[in-house]
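>>> Show me the folded form of this:
(chains A, B, C and D)
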There are 4 protein chains.
Amino acid sequence: MKDMPSRRLGVAIVGLGGAVGTTMVAGIELIRQGKAGTTGLPLAETLHPGLVAYQDLVFGGWDLYADDLAAAAAQHRVLDGPSLDAVRPALSALKPWAPAANVDFCKNVTGAAGSNRVTKRGQADSIAEDLRRFKAEAGVHNVVVVNLASTERLVDPTLPQFQTPEAFEAALDADDPAIGPAMLYAYAAIASGVAYANFTPSVAADLPALVKLAKRNRVPVAGKDGKTGQTLLKTVLAPALRGRALQVDGWFSTNILGNRDGLALDDPASLASKLGTKGSVLDQILGYHVANHKVRIEYYPPRGDDKEAWDNIDVSGFLGQRMQLKLNFLCKDSILAAPLAIEIARCLDLAHQRNEGGVLDALGTFFKAPQTADGKEPEHAWFEQERRFRMWLDGTGDMEATGLTKAARRLANVR
Amino acid sequence: MKDMPSRRLGVAIVGLGGAVGTTMVAGIELIRQGKAGTTGLPLAETLHPGLVAYQDLVFGGWDLYADDLAAAAAQHRVLDGPSLDAVRPALSALKPWAPAANVDFCKNVTGAAGSNRVTKRGQADSIAEDLRRFKAEAGVHNVVVVNLASTERLVDPTLPQFQTPEAFEAALDADDPAIGPAMLYAYAAIASGVAYANFTPSVAADLPALVKLAKRNRVPVAGKDGKTGQTLLKTVLAPALRGRALQVDGWFSTNILGNRDGLALDDPASLASKLGTKGSVLDQILGYHVANHKVRIEYYPPRGDDKEAWDNIDVSGFLGQRMQLKLNFLCKDSILAAPLAIEIARCLDLAHQRNEGGVLDALGTFFKAPQTADGKEPEHAWFEQERRFRMWLDGTGDMEATGLTKAARRLANVR
Amino acid sequence: MKDMPSRRLGVAIVGLGGAVGTTMVAGIELIRQGKAGTTGLPLAETLHPGLVAYQDLVFGGWDLYADDLAAAAAQHRVLDGPSLDAVRPALSALKPWAPAANVDFCKNVTGAAGSNRVTKRGQADSIAEDLRRFKAEAGVHNVVVVNLASTERLVDPTLPQFQTPEAFEAALDADDPAIGPAMLYAYAAIASGVAYANFTPSVAADLPALVKLAKRNRVPVAGKDGKTGQTLLKTVLAPALRGRALQVDGWFSTNILGNRDGLALDDPASLASKLGTKGSVLDQILGYHVANHKVRIEYYPPRGDDKEAWDNIDVSGFLGQRMQLKLNFLCKDSILAAPLAIEIARCLDLAHQRNEGGVLDALGTFFKAPQTADGKEPEHAWFEQERRFRMWLDGTGDMEATGLTKAARRLANVR
Amino acid sequence: MKDMPSRRLGVAIVGLGGAVGTTMVAGIELIRQGKAGTTGLPLAETLHPGLVAYQDLVFGGWDLYADDLAAAAAQHRVLDGPSLDAVRPALSALKPWAPAANVDFCKNVTGAAGSNRVTKRGQADSIAEDLRRFKAEAGVHNVVVVNLASTERLVDPTLPQFQTPEAFEAALDADDPAIGPAMLYAYAAIASGVAYANFTPSVAADLPALVKLAKRNRVPVAGKDGKTGQTLLKTVLAPALRGRALQVDGWFSTNILGNRDGLALDDPASLASKLGTKGSVLDQILGYHVANHKVRIEYYPPRGDDKEAWDNIDVSGFLGQRMQLKLNFLCKDSILAAPLAIEIARCLDLAHQRNEGGVLDALGTFFKAPQTADGKEPEHAWFEQERRFRMWLDGTGDMEATGLTKAARRLANVR
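Okay, here's the model as predicted:
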């Protein structure tokens, strides 16, 4: 099957009508029409027989807002006028499916849809049914799920009902209020044998219960929280600061953004989830605790989907002398995120073909808070993540070591 | 000898009295006194039996200005008051040796010393004699030379007299005006069996004639132009931009600095040398030509040794949408450079102990324009340079591969 | 008296041992010693017979911390080493007086002193007594009070006890908990006939009760919250944006600072006071409400007394097109504040000599939230403030008009 | 005539097809259609009976490029898609007149038109004829000329032929090569009794000969070089730095821009003109010479008409301590310039109605290098310029004084 010229992949998106979701769908449509190139798609130049072609991606998914995708895309103002015109016919034919949602988990984003859901078990069943129907109707070889929904409030993953598949299912049957929408999608996908990636900071497939289920069912899962802008730069620069032995005395990060994501993060509970995934990367990379690492995310409507990150880094160098490095990234949230989500979907499918189940550590390069198969602290240094990812693509990832020098030592040991 | 606890290394510096040279000497003295830590020294945490201890470095060298090092350091204003006080006794005892210099090669920096030099051959002999005397008087196990002098004017390295050791020596005997001071130091060191590193953009050991001589004499050489600030960041960030498939439409780099280096670069001929070493890194890393890569260096006296880099990077992402990344690095030139020069000296000595001769490719991590043993285009991506450097340190550098994926393939082949 | 060559002025500072207070005292001492110039002192070049000479200022004041001023100054790290050495004898002879303080009003700054105060009336009496003693012992012609203490929590100035001098005094006698320390100092000064300026955002002489008392007693008062950095720039730039008809769609201001002020503002109650005085300037200058004006102040210890302001301004221009202006001010809090506080003290004394009582509108140029004599909205545009201030200095302030064009019309009317 | 409701003004633009010219024409058309507001037009809220209404402006002018204005506007990419669509019919009907041009004066901008011009006298006559025809055909009450052409090379205005109208005319008849195109347009306008403004740095109506002619003919002239971005900010901020007695140790200004203006300035001769008008403002405002005031303009194609200014300002404050202020202005050249040029045209017409001849000092607020009637150094501080301009509009400009304190003194003298 791997060599079939026309493998088609169905991508079911949680939050299909959002800025990122509509940009994914529109982007692939523009590529199909020959009106957009592959800039921004990290694997565009990676020829790999197992990766489905961009134009062979088929989209579906759920959203709180029932608008067709052309209407949704127009609202997000990510696409320019000519692009929007070109994709209108295709996008207006696509309407999101009714979602599983829970206003208690994401206060600032509420749509008209999704109100009269029944039990949580019922919702999970309905999601699984959606996936079956999608696969059949779209005529695709495989389906994967990518979560792009707004950030949910922080949940304690150490609760007992989250520790085993059995406990989780019992809680599901008991309509446990601790189970949030993101978990429902993750569970329904994994239980159906459908690979799942979490592009958001919400708690989902990273629950011990779902990790175990994914391993047991040999379903690939990956997450979480797409590493697009400020955190990407942080994990690119911090290793260099360490390499040059410059001590980080403080790192102050401010973000201003004005899209629906920003609005969701204006709710302190959702913000806590986000800051959690942003916060830990520095200490792991540098090897010491940075007491003054502060991250702020501010809702600032004038920007819309444009996002601005301002970072100030205080470092001490030789003889304790102080220096400052400042970064100012004027970026576009969905433009950075959409191609990553596309590549993640293709990689989930590759793993599925290879019969790899459980957490895909190798996809850490795409995430702010990479899930690890063993639950241990992930590698955050981007270049090391990238090296491991490329090795995984090549099928040599099983030899992967955990650090530069160790890699070298391992090499020596092989002889 | 490798395991002796008290191996001592003599470091002979061209431009000893400059801001970087005095900072090296003062820094090691402060470490010796327990008044400074090892922040900024990349190998401080690398325990390696072949690397001489910091406190076992002994300094000497040449300078156009005859001031003792305490006076010179006071003038450069790199050290703070208490540090300067602490090192004054040690530094005031150290006076530079009379230099080989040529005003035609570096117009804006002229000192009182070095005027009545005789022939170029005579100068080379005098340098070699200085090195012999230094080794004897300092009682060190080995001596290395590091060039920290002001940037000289650009010289055409393809001239016939620069192609073979024999042609170079003939030109030397003929007092050829094309031979500049940096070449004289490099030649004298290599001919004397003394390892040589070029921390400046000047043409020196990178002449084909001297590369051949170094290989023949089994003398380690490395260069050139220390990668301290803006170019370091460029070679850290550019690979990530490539990794994310963001297309670089333009990269505008401005530097303002006010020290003697800046003054030297106010001479267009010297500036040309500098810009040459800064310019090529982007294209190599990105794999395509960046038409709008502009680098400006501006002499701006208010800053003294403090240096400021401002970079604007224009990128296109998915669907051709434009974003900007701006960097502002408020750094200290000598504080960044001195520890690198110290590590380079220690590494030259390590290579000498290992009997490695010719160009040390593995030291590319320290240079803007890394010399390569085969004369081919060097690797510029900092993380790959760093990986190779760490492997070389571990003694596994001979297995070194040229890229991430290739490294992975090689691994597969080993089995 | 105005022409006496040796008029001496006593400046009693609330928060004498703070970073600003010690910098004032040290700065005047350095000027006296001829070791510092008058850079940063706005009136240094204004020759005015009524302004006391800088070297004729004599300092005293209260502080929660009992340290002598040399010890305090050393802790604040505002002065460089040589300056601190030069002023040590003078500053170590100066110890703060025991303060009136109330931990309930400023949670994050607590010193050892000030614990066993009796009633609020008792505290007020004690402050008045301190002022009398200071004037007598220092042998000065006049005394003024400047409040430099940490920001207190926000108090509702519309409470009935704050409306008339009589109500305030009754509350004082009743030991009313709504009366905070800043009010006590203001009351004690005004009741004693001593001019008072509030350099902090705390509620003090701006209470209606105290404004009336000041007018009745012909005591000059001015405030509040020194306009040193970010807000100064805002009130300089905003009028130009209006002048060019550029519409401000958003203004995002972040401050990072690490001194005791920053710590005080880490208490949300104190922060509310501060943000209050920072917030209203834009709307008044621009003539419309800027919905997206956000101001953030962040405690960031690596910076100490250094302060960094980062402003992003989103503007729309002709044809609705969007532009951005970003400001990054790397400043020193006390270095900016101390000279303003010095000039304010001199101006209070000038007003006292001129027998001007009540609120000095003309000093608005120095404050983020200028008090006005009529309680109406103040002028915030810095250049107009400055014009009025210079006219007041010249003694033509009574002719002052409220706007540029009106000023011109008034001129015509005079003839 | 002043009160006629339908006064119409013809604006003849030198460089009509350029980015600024097309934006002026398109902007007024959009206002006429009700599709654009008046944001960015400084006098939009100034109700003045003598100012012609925006929709009553009629455009014509010369250009090297013969394209109709719709084609030209499309090329400049200043307007967004919908705006361009809306104005296409109106703009495509407008074609530039054949120009007087001289490749020797502006090397990097050469169009197809304008090649076979005859003598300079012939060119001047042809320009005058164009103006007569324009007035007649457009049916307007008055015509003014605004120069928006690319910057010409620097010319020495002290040459004898530039000192009197007679000498200039003799040189014109002799086809003197020192007479550049900008001078021809200025001469032809002034000689025809048509008001003239120079929005470029080129030497034109600022020649002594033409100033005298304008005064003699009672023709209003104003210039030169529109103050839109970086210099505007400089003249807004510098007075505040002076007001706070902060000493400017250095001011480093870099501009990157990629439009035809940038290309023109890539020619060193044109750049010299531009830097000349940018350079002198600081010293005049601050009252001392800033040794390290550096201005760089860099052609950087990725930006198109977008322009970015980066300013670094080094200041010393109290006790000589150093601070930095950085500005980053992401602006749009033509969007800032077009509304200023529109207002200048309206003001020239107002002056014409008032029978004011010679240099209009009061329009200095719009220019980087304001021309003055007496040839003396102009006021550069923006707020003072603005104050004088508003007084001039009100008709009280004759009472205008030259400085803040002097204004106050004058007030005192009146009594």
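>>> Kindly provide the distance from residue A:99 to residue A:202.
Distance from residue A:99 to residue A:202, counting by C-beta to C-beta, to the nearest Å: 14 Å. Any C-beta I mention is one placed from the backbone N, CA and C, and that applies to glycine too.
>>> got it, and residue A:18?
13 Å.
>>> now the helices for chain A?
A:19-32, A:69-76, A:81-92, A:120-138, A:165-173, A:181-191, A:208-216, A:230-243, A:260-265, A:268-279, A:281-286, A:333-353, A:382-394, A:404-414 (DSSP state H).
>>> Among these, which comes closest to residue A:371?
helix A:208-216 (7.6 Å; C-beta to C-beta).
>>> now the angle from that closest one to helix A:181-191?
20 degrees (axes from the mean of the first three to the mean of the last three C-alpha atoms, to 10 degrees).
>>> what sits against the residue lying farthest from the centre of chain A?
In terms of distance from the mean C-alpha position of chain A, residue A:319 ranks first, at 41.6 Å (C-alpha atoms, centre = their mean). By C-beta atoms under 8 Å, 6 or more residues apart in numbering or on different chains, residue A:319 lies in contact with B:23, B:26-27, B:30, B:36, B:39-40, B:79, B:83, B:335.
>>> Repeat that for residue A:67.
Contacts for residue A:67 (C-beta under 8 Å, 6+ apart) come out as A:17, A:75, A:95-96.
>>> Mind doing that once more with 7 Å?
residue A:17 (C-beta atoms under 7 Å, 6 or more residues apart in numbering or on different chains).
>>> likewise residue A:232?
A:382, B:240.
>>> do you know how far it is from chain C?
Distance of residue A:232 to chain C, given as C-beta to the nearest C-beta, to the nearest Å: 21 Å.
>>> swap in residue A:293?
10 Å.
>>> got it, and residue A:305?
13 Å.
>>> So between residue A:99 and residue A:202, which is more surrounded?
The residue with more neighbours, out of residue A:99 and residue A:202, is residue A:202; 32 against 28, by other C-beta atoms under 10 Å in any protein chain shown.
>>> OK, contacts around that one?
Residue A:202 touches A:147, A:151-152, A:180, A:182, A:273, counting by C-beta under 7 Å, 6+ apart.
>>> Might you enumerate the residues of the stretch 151-300 of chain A proximal to chain C?
Selection of the stretch 151-300 of chain A residues close to chain C by C-beta under 7 Å from any C-beta of the partner chain yields A:249-250, A:252, A:254, A:256, A:292, A:294, A:296, A:298, A:300.
>>> what about residue A:129, neighbour count?
Neighbours around residue A:129, by other C-beta under 10 Å: 13.
>>> where in chain A is pLDDT low?
A:1-5, A:101-117, A:266-270, A:272-279, A:397-415 (pLDDT under 70).
>>> tell me the domain ranges of it?
Domain segmentation of chain A under automatic domain parsing yields A:9-226+A:335-382, A:230-332.
>>> ok, residue A:156 - how many residues close by?
When counting by other C-beta under 10 Å, one arrives at 8 neighbours for residue A:156.
>>> and what of residue A:289?
Residue A:289: 8 neighbours (other C-beta under 10 Å).
>>> closest to residue C:218 out of the domains of chain A?
Short answer: domain A:230-332, nearest of those by C-beta to C-beta, at 47.4 Å.
>>> how far away is the residue in the stretch 51-200 of chain A positioned nearest to chain B from chain C?
Relative to chain B, the nearest point of the stretch 51-200 of chain A is residue A:83 (6.3 Å; C-beta to the nearest C-beta). For residue A:83, the distance to chain C equals 19 Å [C-beta to the nearest C-beta].
>>> for residue A:227, same thing?
23 Å.
>>> so residue A:385 sits right up against residue A:367, yeah?
No - contact criterion C-beta atoms under 7 Å: residue A:385 and residue A:367 do not qualify, at 8.8 Å.
>>> In the stretch 1-150 of chain A, what residue lies closest to chain B?
For the stretch 1-150 of chain A, C-beta to the nearest C-beta, closest residue to chain B: residue A:40, 3.3 Å.
>>> what about the residue nearest to that residue when sequence neighbours are not counted, how many neighbours?
Leaving aside its sequence neighbours, residue A:40 sits nearest to residue B:318 (C-beta to C-beta, 6 or more residues apart in numbering or on different chains; 3.3 Å). Using other C-beta under 10 Å, residue B:318 has 30 neighbouring residues.
>>> Looking at the stretch 1-150 of chain A, which residue is nearest chain D?
For the stretch 1-150 of chain A, C-beta to the nearest C-beta, closest residue to chain D: residue A:81, 4.9 Å.
>>> Now do that residue against residue D:82, distance only.
7 Å.
>>> Tell me how far residue A:10 lies from chain C.
Counting by C-beta to the nearest C-beta - residue A:10 and chain C are separated by 39 Å.
>>> likewise residue A:318?
With C-beta to the nearest C-beta as the criterion, residue A:318 and chain C are 18 Å apart.
>>> ok, that residue touching residue B:28?
No - counting by C-beta under 7 Å, residue A:318 sits too far from residue B:28 to count as a contact (10.5 Å).
>>> wait, what's in contact with the residue of the stretch 1-150 of chain A closest to chain B?
Per C-beta under 7 Å, 6+ apart, neighbours of residue A:40: A:335, A:339, B:245-246, B:317-318.
>>> how about these, which pair is most distant?
Applying C-beta to C-beta across the contacts of residue A:40, the maximum distance is between A:335 and B:245, 11.8 Å.
>>> Comparing the two, which residue is more hemmed in?
The neighbour comparison of residue A:335 against residue B:245 (other C-beta under 10 Å) goes to residue A:335, with 29 against 23.
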